[in-house]
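K.L.:
Predicted coordinates and the sequence they were generated for:
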Amino acid sequence: MKALQTNYGSLALRSPIILGSSGITKAYENIKKADQYGAGAVVLKTKFQEPLMAHSPTPRFTIIHRGGKDYASTTNLSYEQGYEFSIDNYCEEIRRCKQDFAIKIIASIGCSTIDHWREWAKKVEQAGADAIEMNLSCPHSDYVMGRLGQINEMVKQAMPEVRQAVSIPVFSKMTPQLENPLITAKVMEESGSCGVVAFSRCLGLDLDIDSQTPILHGGYGGHGGPWSIHYALRWISSMYPHLHIPVSGCGGVVEWQDIVKYILCGATTVQVCFLVYTYGYGVIEQLNQGLARYMDKHGYATIEDFRGNIVPKIKDLTQVDREKTLIAKVKEPACIGCKRCTDICIYDGIDFTGKKALINEKCDGCGLCPFFCPKGAIHMVHK
Ligand SMILES: Cc1cc2nc3c(=O)[nH]c(=O)nc-3n(C[C@H](O)[C@H](O)[C@H](O)COP(=O)(O)O)c2cc1C
Ligand code: SF4
Ligand code: SF4
């Protein structure tokens with residue numbers, strides 16, 4: 001698919017869709033599938049310096065469904081650790097993949113000392129990696145979580161060293177657990193990063209209330225889900241006008257429309273992870289096809305034609321129209337008198353006449369009730 005070609009810094013990719021670092025990119029057989037189904041690149045599973053981070057417990061995955069009808073969430077909470085084997089095995093895997101597959105290979109390393117950052121960066125470059133992603137984001141790793149509040153300092157120290165050590169592009173992956181991710185993205189840019197990945201997952205907790213213990217491995221775990229895209233879209237659209245390096249959007253992709261949303265907010269590439277754990281590698285093909293159909297529909301020849309298009313349209317505090325121009329309206333024949341709308345209207349904007357809902361003058365036009373009417377009987381109209 002020619003139209004999907006994307007330049008991620010100096011890396012020419014056949015698609016903007018990248019498989020995010022995790023178990024889905026841990027070894028030769030995984031990369032083979034990513035290549036076969038048309039991903040633009042893979043970020044290999046992170047090789048950490050911390051020895052403990054090479055050993056995962058069992059089980060290490062859980063899926064949490066919370067809430068009720070009309071208001072539910074799906075969360076993946078997991079505790080999968082880094083690449084299991086040595087840095088030399090890691091490099092050997094890179095060599096084999098580069099020999100056999102066309103897909104671009106981005107090595108991911110996570111170190112706590114400058115010497116290791118430098119040494120491992122050189123090793124993966126020598127093995128043939130097309131680029132490096134510095135994992136400055138892992139929710140499980142103590143070198144990141146133990147240094148929240150000092151991430152910018154960590155970037156300033158490590159990034160120039162890694163850039164100096166290698167000639168391939170070096171990207172940096174951000175944790176979302178920052179007061180202002182734009183500041184950290186700028187620090188990454190100024191320290192020499194060739195692009196930023198926004199974001200990894202947060203560290204979260206769920207518990208069993210009867211045994212009164214943390215679930216799964218008994219501690220905090222990385223958590224994500226379809227809901228996590230909105231935070232990333234918000235920050236990527238804020239970064240787009242301020243950065244001169246590409247941003248790789250990451251988090252919450254569940255359908256091709258999400259890829260389009262990331263690009264409209266300014267992302268150059270989009271990373272996908274848990275969707276592949278959920279449905280397998282075939283989803284990459286579906287994402288590519290959906291993206292290509294969208295481009296055809298809108299007459300776009302390249303990704304660049306619509307990248308960042310939404311950003312100038314995002315209103316700030318002073319620009320939002322605060323005129324109250326809308327109210328709700330009930331289509332009487334469709335109303336079954338279930339009273340769901342009256343239960344939820346915090347403005348007391350709905351009366352009952354006989355067995356039907358009727359909007360009164362207290363309706364504030366908030367726009368909520370149409371989402372909860374089981375019959376689709378309410379819509380918003382101009383006053
Ligand atoms: C099971 C699992 C393992 C992961 N391992 C890594 C890792 O080793 N290194 C890394 O940088 N990110 C890792 N991540 C984060 C993902 O690369 C990605 O940033 C995150 O899951 C958000 O994308 P998603 O919502 O598409 O899953 C992992 C995520 C999951 C779910
Ligand atoms: S639009 Fe809002 S204020 Fe108006 S009736 Fe519905 S819930 Fe009440
Ligand atoms: S929620 Fe819909 S169907 Fe139920 S009373 Fe309100 S308008 Fe009628």
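P.N.:
Yes, it's here. Ligands and ions are numbered 1, 2, ... in the order given.

K.L.:
mind checking the SS state of Gln319?
P.N.:
coil (DSSP: H, G, I helix; E, B strand; the rest coil).

K.L.:
cool, and Asp348?
P.N.:
coil.

K.L.:
which residue sits closest to it, ignoring its sequence neighbours?
P.N.:
Lys362 (5.2 Å; C-beta to C-beta, 6 or more residues apart in numbering). To be clear about C-beta, it is placed using only N, CA and C from the backbone, and glycine gets the same treatment.

K.L.:
My read is that that neighbour contacts Tyr347, right?
P.N.:
Yes - using C-beta atoms under 8 Å, Lys362 makes contact with Tyr347 at a distance of 5.2 Å.

K.L.:
picking up where we left off before, and the residue nearest to Asp348, what pLDDT?
P.N.:
Looking at Lys362, its pLDDT is 98.

K.L.:
who's in contact with it?
P.N.:
The contact partners of Lys362, by C-beta atoms under 8 Å, 6 or more residues apart in numbering, come to Tyr347, Asp348, Gly349.

K.L.:
again, but for Thr213
P.N.:
Leu207.

K.L.:
Phi and psi next, for it.
P.N.:
Backbone torsions of Thr213, given as degrees, to the nearest 10, read phi -140, psi 150.

K.L.:
Who is it paired with across the strands?
P.N.:
Asp208 (DSSP bridges).

K.L.:
now it: how far from ligand 3?
P.N.:
41 Å (C-beta to the nearest ligand atom, to the nearest Å).

K.L.:
Please tell me how far Gly149 sits from Gln126.
P.N.:
Counting by C-beta to C-beta, to the nearest Å, the separation of Gly149 from Gln126 is 35 Å.

K.L.:
The two: which is more packed in?
P.N.:
Gln126 (12 against 9; other C-beta atoms under 10 Å).

K.L.:
list the contacts for Arg163?
P.N.:
Neighbours of Arg163 in contact, by C-beta under 8 Å, 6+ apart: Val170, Ser191, Gly192.

K.L.:
tell me the SS of the closest residue to the last one other than its chain neighbours?
P.N.:
Looking back up the chat, that one is Gly192. Residue nearest to Gly192 in three dimensions, not counting chain neighbours: Arg163, with 4.1 Å by C-beta to C-beta, 6+ apart. Counting by three-state DSSP, the backbone at Arg163 sits in helix.

K.L.:
Around ligand 1, pick out the residues from the stretch 201-350 of the chain.
P.N.:
Arg201, Gly222, Gly224, Ser228, Cys250, Gly251, Gly252, Val253, Val272, Cys273, Phe274, Leu275 (C-beta under 6 Å from any ligand atom).

K.L.:
what about the fourth one, how many residues close to it?
P.N.:
Which is Ser228. Residues near Ser228, counting by other C-beta under 10 Å, number 21.

K.L.:
now swap in the last one and tell me
P.N.:
Counted with other C-beta under 10 Å, the burial measure for Leu275 works out to 21 neighbours.

K.L.:
cool, and the third one?
P.N.:
For Gly224, the tally of surrounding residues (other C-beta under 10 Å) stands at 24.

K.L.:
That one against Glu80, yeah?
P.N.:
No - judged on C-beta under 8 Å, Gly224 makes no contact with Glu80 at a distance of 12.0 Å.

K.L.:
Give me the subset of the residues of the stretch 201-350 of the chain next to ligand 1 that lies in helices.
P.N.:
Phe274, Leu275 (DSSP state H).

K.L.:
what's near enough to touch Ile34?
P.N.:
No Ile there; residue 34 is Ala. With C-beta under 8 Å, 6+ apart, Ala34 has these contacts: Leu19, Ile24, Thr25, Val42, Ile103, Tyr281, Ile284.

K.L.:
Strands of the stretch 1-150 of the chain, start to end?
P.N.:
All strands of the stretch 1-150 of the chain, identified by DSSP state E, counting those that start in this stretch, fall at 6-8, 11-13, 17-19, 41-43, 47-48, 61-68, 71-78, 104-110, 131-136.

K.L.:
let me fix that: the stretch 251-383 of the chain
P.N.:
269-272, 326-330, 350-353, 356-359, 378-382.

K.L.:
And ligand 1, is the least confident helix or strand in the chain by mean pLDDT touching that?
P.N.:
Lowest by mean pLDDT, DSSP states H and E among the helices and strands of the chain is helix 142-145, with a mean of 81. No - Helix 142-145 stays clear of ligand 1 (C-beta under 6 Å from any ligand atom), getting no nearer than 9.9 Å.

K.L.:
Can you tell me what sits against that helix?
P.N.:
49-50, 110-112, 135-139, 151, 175, 203.

K.L.:
mind saving the C-alpha coords of that helix as PDB?
P.N.:
Output in PDB follows, covering the C-alpha atoms of helix 142-145 (Å, rounded to 0.1, in the frame of the first residue of the first chain):
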ATOM      1  CA  ASP A 142      12.300   1.000  39.400                       C
ATOM      2  CA  TYR A 143      14.600   3.100  37.300                       C
ATOM      3  CA  VAL A 144      11.600   4.900  36.000                       C
ATOM      4  CA  MET A 145       9.000   4.700  38.700                       C
END
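
K.L.:
and that helix, which residues are buried?
P.N.:
By 16 or more other C-beta atoms under 10 Å, the buried positions in helix 142-145 come out as Tyr143, Val144.

K.L.:
how far is that helix from where the chain is centred?
P.N.:
Relative to its chain's centre, helix 142-145 lies at 20 Å (C-alpha atoms, centre = their mean, to the nearest Å).

K.L.:
Closest one of the contacts of Lys362 to ligand 3?
P.N.:
Of all the contacts of Lys362, ligand 3 sits closest to Gly349, with 11.3 Å by C-beta to the nearest ligand atom.

K.L.:
which ones are touching that closest one?
P.N.:
Ala328, Ile359, Asn360, Lys362, Cys363, Asp364.
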